[in-house]
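Peer 1: here you go, sequence then predicted model.
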Amino acid sequence: MEVRPTGGALGAEILGVDPRSVTEGEVQDIYQALLEHEVVFLRNTQLDDAGHLEFAGRFGTPSVFPLFKVLGETEPTFQVIHDGPGSEPAADHWHTDVTWIAEPPKAAFLRATLVPERGGDTMWGSMSTAYDALSTKMKTFLNGLTVRHDNSSFIKGMEKKMGAEAAAPLTEKLREQYPAVIHPLIRTHPDNGRKTIFFGGGFMREIVELTKPESDALLAFLGRHIEEPAFHTRWRWCQDDLAIWDERSTVHRGLSDHFPREREVRRCVIDGDRPV
């Protein structure tokens with residue numbers, strides 16, 4: 001197995017591994033590369049849906065997406081994200097996935113199944129590097145603060161696609177079954193002990209210990225801080241590429257410069273634990 005870094009702060013391409021037939025030793029090596037580089041990429045995996053889920057399952061328990069749970073699903077499956085005419089991209093902003101649940105995902109596995117001829121890259125940011133770049137005084141201030149996360153922005157996206165009336169039965173269940181949760185603003189990675197900014201993007205409502213104006217100002221500052229290119233890596237998709245990222249220490253965004261050309265990716269995640 002060969003690991004080739006793709007960016008200064010994070011990211012590496014893994015060569016010499018076939019995810020359709022990995023050994024336990026290769027799984028451990030891939031996971032160690034993930035801990036070191038925070039996001040890793042495998043080209044031309046030739047995975048089908050079953051193989052994609054099986055490979056993800058080698059790293060933990062594949063999750064059932066909350067919306068699918070509300071619909072009665074009990075088996076893990078994909079969240080299919082399709083952009084194109086009539087379906088505008090909705091992920092072109094920095095975020096961490098599903099931070100509005102008590103135990104957000106540990107890692108995500110994203111496979112490209114339809115790639116536009118140009119545009120449509122995905123970017124990742126290292127929130128451990130972003131934390132390290134803060135001043136000592138700012139780190140001291142941020143440690144111990146907590147943030148209320150909720151699914152209101154996710155629900156607004158559903159209402160925009162489905163219409164508020166049609167979405168109402170689902171959105172009511174989502175609010176009931178997944179109330180707002182409180183997570184630390186700075187979390188400690190359970191595997192390597194690094195401090196990271198736990199940045200949920202639009203899922204973050206307010207910093208609990210601050211006034212609303214103070215919270216808005218601080219979250220806006222952090223939003224600008226993580227825009228620093230030195231914290232980023234960027235991936236140009238080809239068909240059947242697979243990206244694996246650590247949801248505990250990164251943010252990501254799917255660039256929308258391909259629109260209205262079509263792009264489809266399939267994502268599954270594995271269960272995580274409560275941020276501390």
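Peer 2: Arrived safely. Numbers count the residues shown, from 1 in each chain.

Peer 1: helix/strand/coil for residue 13?
Peer 2: Judged by DSSP: H, G, I helix; E, B strand; the rest coil, the three-state class of residue 13 is strand.

Peer 1: correct me, but it touches residue 30?
Peer 2: No: here residue 13 lies out of contact with residue 30, judged by CB atoms under 8 Å, at a distance of 11.9 Å. Just so you know, the C-beta spots here come from the backbone N, C-alpha and C atoms, and that holds for glycine as well.

Peer 1: more neighbours: which of these two?
Peer 2: residue 30 (22 against 17; other CB atoms under 10 Å).

Peer 1: gap between the more buried one and residue 250?
Peer 2: Plainly put, residue 30 is 16 Å away from residue 250 if you go by CB to CB, to the nearest Å.

Peer 1: pLDDT at the residue nearest to residue 49 when sequence neighbours are not counted, what is it?
Peer 2: Among residues not flanking residue 49 along the chain, residue 78 sits closest, at 6.7 Å (CB to CB, 6 or more residues apart in numbering). Looking at residue 78, its pLDDT stands at 88.

Peer 1: what spatial separation is found between residue 78 and residue 48?
Peer 2: Distance, residue 78 to residue 48, using CB to CB: 11 Å.

Peer 1: of the two, which one has the most company?
Peer 2: Higher neighbour count among residue 78 and residue 48: residue 78, with 21 against 13, using other CB under 10 Å.

Peer 1: if we can go back for a sec, who are the contact partners of the residue nearest to residue 49?
Peer 2: By CB atoms under 8 Å, 6 or more residues apart in numbering, residue 78 lies in contact with 49, 52-53, 266-268.

Peer 1: apply 7 Å and report the result again.
Peer 2: 49, 266-268 (CB atoms under 7 Å, 6 or more residues apart in numbering).

Peer 1: try residue 125
Peer 2: Shown in contact with residue 125 (CB under 7 Å, 6+ apart): 94, 226, 231-232, 250-251.

Peer 1: swap in residue 196?
Peer 2: 127-128, 131, 187, 189, 248-249.

Peer 1: so which of these are in helices?
Peer 2: In helices, judged by DSSP state H, the following of those are found: 127-128, 131.

Peer 1: reformat those as JSON lines; add neighbour count.
Peer 2: Listed next are those as JSON lines, based on neighbours: other CB atoms under 10 Å:
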{"residue": "127", "neighbour count": "30"}
{"residue": "128", "neighbour count": "21"}
{"residue": "131", "neighbour count": "23"}
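
Peer 1: got the contact list for the residue nearest to residue 74 when sequence neighbours are not counted?
Peer 2: Leaving aside its chain neighbours, residue 74 sits nearest to residue 64 (6.6 Å; criterion: CB to CB, 6+ apart). Residues in contact with residue 64, defined by CB under 7 Å, 6+ apart, are 73-76.

Peer 1: of these - the most surrounded one?
Peer 2: Counting neighbours by other CB under 10 Å, residue 76 leads the contacts of residue 64 with 18 neighbours.

Peer 1: quick one: that residue and residue 54, what's the gap?
Peer 2: 11 Å.

Peer 1: show the pLDDT at the residue of the chain positioned farthest from its centre.
Peer 2: Going by CA atoms, centre = their mean, the residue of the chain most distant from its centre is residue 165, 29.0 Å out. Per-residue confidence (pLDDT) for residue 165: 91.

Peer 1: next SSE after the host helix or strand of it?
Peer 2: Following DSSP states H and E, the helix or strand that holds residue 165 is helix 164-177. Next in sequence after helix 164-177, counting helices and strands by DSSP H and E, comes strand 181-184.

Peer 1: excluding its backbone neighbours, what's nearest residue 45?
Peer 2: Spatial nearest neighbour of residue 45, excluding adjacent residues (CB to CB, 6+ apart): residue 242 at 4.7 Å.

Peer 1: now the one you found: how far from residue 151?
Peer 2: In terms of CB to CB, residue 242 sits 27 Å off from residue 151.

Peer 1: related to what we said a few turns ago, name the nearest of the ones in helices among the contacts of residue 196 relative to residue 176.
Peer 2: Distance to residue 176 across the ones in helices among the contacts of residue 196 (CB to CB) is lowest for residue 127, with 30.7 Å.

Peer 1: residues contacting the closest one?
Peer 2: Contacts of residue 127 by CB under 7 Å, 6+ apart are 196-197, 199, 226, 249-251.
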